[in-house]
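[1] Next comes the sequence, and after it the predicted model I'd like to discuss.
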Amino acid sequence: MSKIFVVSKKQLRQWAITLLVILGALGTAWYWGYSEPRTASSPTPAQGEARTIHIVTGEFKSTGPDGKEIEAYRWDPGTIHVQRGELIRLSLYGVNGASHPFIIDGLNIKGEVKKGKETVVFFQTDTPGTYRIVCLSHPDIAHKGPMVGYIVVDA
C-alpha cells in the first residue's frame, strides 16, 4: 500500500527558511572561525602574542507539530581546543539574538555579546580541563537554549 504525503506551500517555505538559517549560520561560523592550520614546523606566537579564536552566536528556528515556533541559540563553533599556557584572544561576534550575557566557568570571565558587535576577552590558563561558556539568557531548553560552549585546555 502506498502512502501519499501532502506538503503545503507554507511548510515548504518554513523548511526553506530553516535551511537558509542553518546554512547562513554554518557559513558565518566558517568565515569567522577559519584560520590557517598550524603545522609542526609553523612558528609559535611570540611570548605575549595571543592566538585569536572566533566564535559567533547562532540560532535555529523551526515549527513544531502543533504549529508553535521553536527556537534555540548556540555558540558556533561549540567547542574550541587550546594548549595549556597559551594566550588566547577570544573574539565573540553577535549574529543572532539581541544580547547574550555570558560567563566562562572557572576562568572568572564575564561579558556580553550584542547583535552586530564584537566582544573580545583574553585568557590564559595552566590548568588543563574543560571550561564552559554559558549564555545567562539561554542556559536551558526553557530559555531557548542551552547556549553552552566548551573551551578544552589540553595538557
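    Structure's in. What do you need?
[2] in a helix, that's where Ile17 is, yeah?
    Yes - using DSSP: H, G, I helix; E, B strand; the rest coil, the assignment for Ile17 is a helix.
[3] Now do it against Leu107, distance only.
    Distance, Ile17 to Leu107, using Cβ to Cβ, to the nearest Å: 37 Å. The way it works is simple: take the backbone N, C-alpha and C, and place the C-beta from them, glycine included.
[4] Those two: who's more crowded?
    Using other Cβ atoms under 10 Å as the criterion, Ile17 and Leu107 rank with Leu107 on top: 19 against 13.
[5] Tell me if I'm right that that one and Tyr131 touch.
    Yes - using Cβ atoms under 8 Å, Leu107 makes contact with Tyr131 at a distance of 5.5 Å.
[6] In this structure, where's the longest strand?
    Ranked by number of residues, the top strand in the chain under DSSP state E is strand 51-63.
[7] Under the pLDDT cut-off, which ranges of this structure? List them.
    1-3, 5, 7, 12, 15-16, 18-48 (pLDDT under 70).
[8] hey, where'd the strands end up in it?
    51-63, 69-76, 79-83, 88-93, 99-104, 109-114, 118-123, 129-135, 148-154.
[9] So which residue is smack in the middle of this structure?
    Trp75 (1.6 Å; Cα atoms, centre = their mean).
[10] Nearest spatial neighbour of that one, chain-adjacent residues omitted?
    Gly149 (3.5 Å; Cβ to Cβ, 6 or more residues apart in numbering).
[11] re earlier: what do Leu107 and Tyr131 both touch?
    Shared contacts of Leu107 and Tyr131 (Cβ atoms under 8 Å, 6 or more residues apart in numbering): Thr125, Ile151.
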